[in-house]
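>>> Fold the following, please.
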Amino acid sequence: MSEQPLNPTTAPAPVSGTADEATTAEAPVTGSVTGAPAGDTPATDVHTVDPGAGAPAAEAPVTDAPVTNTHAADAPAADATTVHASATGSTAADLPADEAAALRAASFERARRLRQEPRFPGGPAADPAGSHHERRIRSFQPRRSRVTTGQQEALERLWPTWGLDIDGKRVLDLDQLFGGLPVVLEIGFGMGEATAQMAADDPGTGILAVDVHTPGQGNLLGLADRAGSTNVRVANGDAVILLREMLAPESLDGLRVYFPDPWPKARHHKRRLIQPEFLDLVAPVLKPGAIVHCATDWEPYAEQMLEVLTAHPRFENTAADGGYAPRPAFRPLTRFEGQGLDKGHVVHDLLFARV
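Below you'll find the predicted structure:
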């Protein structure tokens, strides 16, 4: 399949299958659109899973031991042809071609259904947007890594209250969701430590945090619960669908994108989140004066962010010299970001106002 430019507008959905099948040849499996803070990003990255060389390192979950009973979808499904052949004492080659093809199709369909089942009943859906998935390049991949007992408990207990799936089927009432608080959208929160800290430090601001990493979702819910923070909502799925279909015009007071996947290889630059088309989606849902705050420790990506944001007519640099901004006090310095600084990495913050 030929490469396509990032196109967040509606495109024909695949005839069948999930986003995994629709984008196998060209794009990562699913969005989250998502990047994640340098200090928070799991090693296998939205919404986010090989971030490539130079991507931020992983921050370990803070709670409990791994759950040993992984979901059925995590294990490879047995091929129906092999099962049938074993039961009958014959080999796959002994089956008629049409029967073998039918058994293989049934096996693939069973595996597809398993991938769509939620890992935890009542928790984040495996494929929340369903038919809303379209053929386009995505900036993230989902990953089904191990969930600890603490993360599982948080998902099962707190998701019905604080979690939501990005299904593209409704427009969110942010006033109702956050009790009238001003709301900022954070795309890509990794394991959630920085997000939980910002929520605790500023209880008067609601944070709608988007990612596709199930352990991170559970970790953030648990951290917020233990801190007594009630101003966090965790959204599961593709942030492009959220921006395009589920947010009302001028409903957000800010956007935060901290340490998104830099996709360092030249052929992968098209997967980077901060692109003109992405900003076209962001601008209408931000209130005038709302701040877009990006941060990265990947120098070439910082330069691209600065170029793209500066060129967009709906955004204005808040830095007087038109360059990078100092790190605001409200953005926590994460452990892995500190390690990067010790190694000589330069972290750049960009703050642009919506005009």
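>>> Wait, Leu286 touches Gly254, no?
Yes - counting by CB atoms under 8 Å, Gly254 is a contact partner of Leu286 at 7.4 Å. Where C-beta positions appear, they are placed from N, C-alpha and C, glycine not excepted.
>>> out of those two, which sits in the more crowded spot?
A side-by-side neighbour count of Leu286 and Gly254, using other CB atoms under 10 Å, places Leu286 first with 26 against 21.
>>> what residues do Leu286 and Gly254 have in common as contacts?
Overlap of the contact sets of Leu286 and Gly254 (by CB atoms under 8 Å, 6 or more residues apart in numbering) consists of Val292.
>>> quick check, Val257 in a strand?
Yes - when classified by DSSP: H, G, I helix; E, B strand; the rest coil, Val257 is found to be part of a strand.
>>> Quick check: the gap between it and Asp98.
Plainly put, Val257 is 51 Å away from Asp98 if you go by CB to CB, to the nearest Å.
>>> Pick out whichever of the two has more residues nearby.
Neighbour count, other CB under 10 Å: between Val257 and Asp98, Val257 has more, with 26 against 8.
>>> which residues does the more buried one contact?
Counting by CB under 8 Å, 6+ apart, Val257 makes contact with 35, 186-188, 273-274, 292-295.
>>> what's the pLDDT at Ala57?
According to the prediction, Ala57 has pLDDT 42.
>>> can you give me phi and psi for Gly289?
phi 90, psi -10 (degrees, to the nearest 10).
>>> my guess is it meets Phe352, correct?
No - when contacts are counted by CB under 8 Å, Gly289 is not listed as touching Phe352 (11.1 Å).
>>> So between the two, which is more surrounded?
The neighbour comparison of Gly289 against Phe352 (other CB under 10 Å) goes to Phe352, with 24 against 11.
>>> so where does the more buried one fall, helix or strand?
Assigned by DSSP states H and E, Phe352 falls within strand 348-354.
>>> Would you mind listing the buried residues in stretch 260-268?
260-264, 268 (16 or more other CB atoms under 10 Å).
>>> And the helices in the protein, which stretches?
Counting by DSSP state H, the chain has helices at residues 19-22, 80-88, 97-116, 149-162, 174-178, 193-201, 214-227, 239-241, 276-285, 299-311, 335-342.
>>> which one of the ones you listed lies closest to Ala319?
Of all the helices of the chain, helix 299-311 sits nearest to Ala319, with 9.5 Å by CB to CB.
>>> now what about that closest one, what contacts it?
For helix 299-311, contacts defined as CB under 8 Å, 6+ apart pick out 260, 262-264, 269, 272, 274-276, 279, 292, 294, 296, 315, 317, 322-324, 346, 348, 350, 352.
>>> One more: stretch 154-162?
Under the contact criterion CB under 8 Å, 6+ apart, stretch 154-162 has outside partners 120, 122-124, 147, 163, 214, 217-219, 221-222, 224-225, 232-234.
>>> From those residues, list the buried ones, please.
For those, a burial check counting by 16+ other CB under 10 Å picks out 120, 123-124, 147, 163, 214, 217-219, 221-222, 224-225, 232-234.
>>> Grab the two from these that are most spread out in space.
Within the buried ones among the contacts of stretch 154-162, Val147 and Arg233 form the most distant pair, 19.8 Å apart (CB to CB).
>>> quick revisit: now restrict the contacts of helix 299-311 to buried residues only.
Taking 16+ other CB under 10 Å as the criterion, what is buried in the contacts of helix 299-311 is 260, 262-264, 272, 274-275, 279, 292, 294, 296, 315, 317, 324, 348, 350, 352.
>>> what's the closest of the contacts of Val257 to Glu337?
Once CB to CB is applied, the member of these that ends up nearest Glu337 is Ala295, at 8.6 Å.
>>> Quickly list what that closest one is bridged to.
Tyr258, Asp349 (DSSP bridges).
>>> List the residues that contact it.
Per CB under 8 Å, 6+ apart, neighbours of Ala295: 37, 257-259, 327, 331, 347-350.
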